[in-house]
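Asks: no sequence for this one, just the structure:
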C-alpha cells in the first residue's frame, strides 16, 4: 500500500474535521484557509517534494507520540481561554514540524521553518497587555527574519553553484567554496531554532515573556525537527563543534545566577543543545543515535518539568525562591522536583546521567579529548544551579514576605490527567536507572533502517 495515500487520507480526515467545526461557526475565511493549506500539501505530495519513506515514517511515529503529549499539555494550559486561534496556531506549529521532517527539498524545509516562525511569533505575543510579551514577540520576529535571510542566502549560493536542492543530492555536493559558505549560512540559520551560539541570546528574554504552554512548544518541536534535518544533511564542518562547545559554556555560566525559573531553563536549554550537537558532530551512526537518545530524554524531562509547574499553585511568575519549604507543603511534589532536577543535572544513576555519559564516552572514543574535557568540567559546574533548587526545596525555610506573596497569588486547580502524565515522566526518569536498553534499542533500530 502506498504510504503517501495513507498520509493523504489521514490529512483529509483532519481537514474534514476542521472544516466541520468551522462550518458550525460560519467563519468562511478560515474555511478558505484550510482548503488552501490542504491544496498546497496535496501538491507537495503529488510532485514527491513531500514524501514518507522508512526514515521519515519511523521518525514520524516517534515524533507523533511526543507531539501528542505536547499538544495535550498545551490544551490543558489554554483551555480557559477557549479561543480557536490558539488551537489553530499550535496545530500549525505541529504541521510545520512534520513538513520539515518529511520533505525532501531545502526550499520546502524553508516553508516549514517559516510556518513555525510566524505561528510562534503570534503565540508569544498573544498577551497584548504584557510589555514583556510584546517585547518577546518582537525579538523573536526580528531574529526569525535574520535566520530566514541567512537560510535563503545559503540556498542562493547553492543556485549559483548549479546544484540541486534535493536532500538526496545535497549529500554528494563537491567541496566548492560557495557550497561551503552556503552550508555555514544554513547552520547559522538552524542555530536560531536550536538556540545554539551565536543565535542563542534571544531565548532567555523570550522565555521570560512567554507563557508556560508556549515555552513547552518552543523548547521541543523546533529542536526535534531541525535536528532531524541536520542528521539528514550530515554537514562535516568544524563550525558545528565550535558552536556546540560555546553553547555549553555560555548556557552553563548564564544559568548560575538566575533567580527566575524561566530564564534558568532557557540557559539550561542552550547548554543541553550544545551536548546534543556535540554528539551529532561525530558524523557517525553512533553519534546520531546518542544525539537522539539525549534529545528524547531531554524532551520528556522538560515536559515533566512543565507539568510540575502547572500543578504548582503559582505558575505565572515563578521565582526559584518560591520552592523554599516545598517539602513541608507537599512531600510528593518536592520528591518529584528532586528526581527531575537531579536527572537534568546529570547525577547518576538517573536518565540525565545516562544521556551525558553516552555523549562524553563516545567523543572520548573518537579522540575529541579537549571537547570531552570541556563537557565534563561544565557538566560539573552546571550541576550547581540544579542542586541549588534541591537545596531551596528541602533545606530552606519560607520567609514571611514569601508566605504573603504565595497567599495573595491566585491558586490553580490540578487535573487528574496531568498527574498521570507527570507520573509517566517520573517513571521514565527512574526506569532508565534499571534498564536503559529499550530506548537505545528503539533508536538503534531506527538508524539501522535509515542506513
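Replies: Received the coordinates, thanks. Only a predicted model underlies this, so the values are computations on that prediction, with no experimental measurement involved.
Asks: surely residue 302 meets residue 220?
Replies: Yes. Assessed by C-beta atoms under 8 Å, residue 302 is found in contact with residue 220 at 6.6 Å. For glycine as for every other residue, the C-beta is placed from the backbone atoms N, C-alpha and C.
Asks: Quick one: the helices in the stretch 301-450 of the chain, in order.
Replies: With DSSP state H, counting those that start in this stretch applied, the stretch 301-450 of the chain shows helices at 326-329, 331-345, 351-365, 369-395, 400-408, 416-434, 437-450, listed in chain order.
Asks: ok, of these, where does mean pLDDT dip lowest?
Replies: Taking each of the helices of the stretch 301-450 of the chain in turn, the one with the lowest mean pLDDT is helix 400-408, at a mean of 47.
Asks: can I see the domain layout of the protein?
Replies: Dividing the chain into domains by the TED database, as the record does, gives the ranges 29-235, 237-450.
Asks: Output the ones you listed in a markdown table; the columns should cover mean neighbour count.
Replies: Compiled in a markdown table, the domains of the chain are given as follows (neighbours: other C-beta atoms under 10 Å):
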| stretch | mean neighbour count |
| --- | --- |
| domain 29-235 | 18 |
| domain 237-450 | 18 |
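Asks: so who does residue 362 touch?
Replies: By C-beta atoms under 8 Å, 6 or more residues apart in numbering, the residues touching residue 362 are 279, 282, 286-287, 290.
Asks: Quickly name whichever of these is closest to residue 149.
Replies: residue 279 (28.9 Å; C-beta to C-beta).
Asks: show me the contacts for that closest one.
Replies: With contact taken as C-beta under 8 Å, 6+ apart, residue 279 is in contact with 287-288, 290-291, 294, 358-359, 362-363.
Asks: cutoff 6 Å now
Replies: Each residue near residue 279 by C-beta atoms under 6 Å, 6 or more residues apart in numbering is listed here: 287, 290-291, 359.
Asks: That one: which element?
Replies: Element membership for residue 279 (DSSP states H and E) is helix 261-280.
Asks: And the average pLDDT for that helix is what?
Replies: Throughout helix 261-280, pLDDT has a mean value of 89.
Asks: element containing the residue nearest to residue 222 when sequence neighbours are not counted?
Replies: Using C-beta to C-beta, 6 or more residues apart in numbering and skipping residues adjacent in sequence, the residue nearest residue 222 is residue 193, 4.4 Å away. For residue 193, the enclosing helix or strand under DSSP H and E is helix 177-194.
Asks: Summarise which helices and strands that helix is packed against.
Replies: Helices and strands in packing contact with helix 177-194 are listed as helix 131-160, helix 221-233; criterion 3 or more C-beta pairs under 6 Å, 6 or more residues apart in numbering; DSSP states H and E.
Asks: one more time with 8 Å
Replies: Counting contacts by 3 or more C-beta pairs under 8 Å, 6 or more residues apart in numbering; DSSP states H and E, helix 177-194 packs against helix 106-124, helix 131-160, helix 221-233, helix 238-255.
Asks: Quick check: next helix or strand after that helix?
Replies: Sequence order places helix 203-209 as the next helix or strand after helix 177-194, per DSSP H and E.
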